[in-house]
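>>> sequence and predicted structure are below.
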Amino acid sequence: MKRHVPFAKDSHAKRARGTAAIAAVLVSGCANSPSLSVLGAYFPDWLFCLVAGVVLTVVVHLIVKRMRAELVLWPAAVVYPTLVTFLSLAVWLMLFQH
């Protein structure tokens with residue numbers, strides 16, 4: 001006895017069309033690259049935001065150290081990477097949101 005699945009081909013075609021539609025929507029955000037020209041070379045915006053986040057975190061660290069309040073930012077292994085991320089995203093929102 002032969003087993004026949006009548007709509008198996010249509011099911012795969014529908015899934016492929018749905019996947020292509022979702023991929024098209026997700027990739028549409030990549031139409032133009034957010035980058036800045038620095039001496040003729042293009043760098044992505046997030047790179048500048050990351051550098052600004054690290055620099056601002058160092059400034060915060062120096063201020064906290066000068067105030068002798070290191071225990072406020074404990075544990076440092078969690079606080080400082082979180083602070084870099086927060087400050088990087090804040091810089092991106094303030095400067096590069098088009």
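Done, it's in. Numbers count the residues shown, from 1 in each chain.

>>> where is the longest helix in this structure?
Identified as the longest helix of the chain according to DSSP state H is helix 45-66.

>>> what about that one, distance to the chain center?
18 Å (C-alpha atoms, centre = their mean, to the nearest Å).

>>> who are the packing partners of that helix?
Contacts defined by 3 or more C-beta pairs under 8 Å, 6 or more residues apart in numbering; DSSP states H and E place helix 45-66 against strand 35-38, helix 76-95. (Each C-beta comes from the backbone N, C-alpha and C, glycine too.)

>>> could you check how far residue 52 is from residue 65?
Taking C-beta to C-beta, to the nearest Å as the measure, residue 52 falls 20 Å from residue 65.

>>> these two: which is more packed in?
More neighbours surround residue 52 than the other of residue 52 and residue 65, with 18 against 11 (other C-beta atoms under 10 Å).

>>> find the nearest non-adjacent residue to that one, please.
residue 91 (4.5 Å; C-beta to C-beta, 6 or more residues apart in numbering).

>>> pLDDT wise, what is residue 3 at?
For residue 3, the pLDDT comes out at 63.

>>> again, but for residue 11
68.

>>> same thing with residue 94?
Residue 94 carries a pLDDT value of 93.

>>> the longest helix of the chain: which residues count as buried?
45, 46, 48, 49, 50, 52, 53, 56, 57, 60, 61 (16 or more other C-beta atoms under 10 Å).

>>> what's the closest of those to residue 22?
Nearest to residue 22 among the buried residues of helix 45-66, counting by C-beta to C-beta, is residue 46 at 24.3 Å.

>>> surely the residue nearest to residue 52 is in contact with residue 53?
Yes - at 6.2 Å, residue 91 counts as touching residue 53 under the criterion of C-beta atoms under 8 Å.
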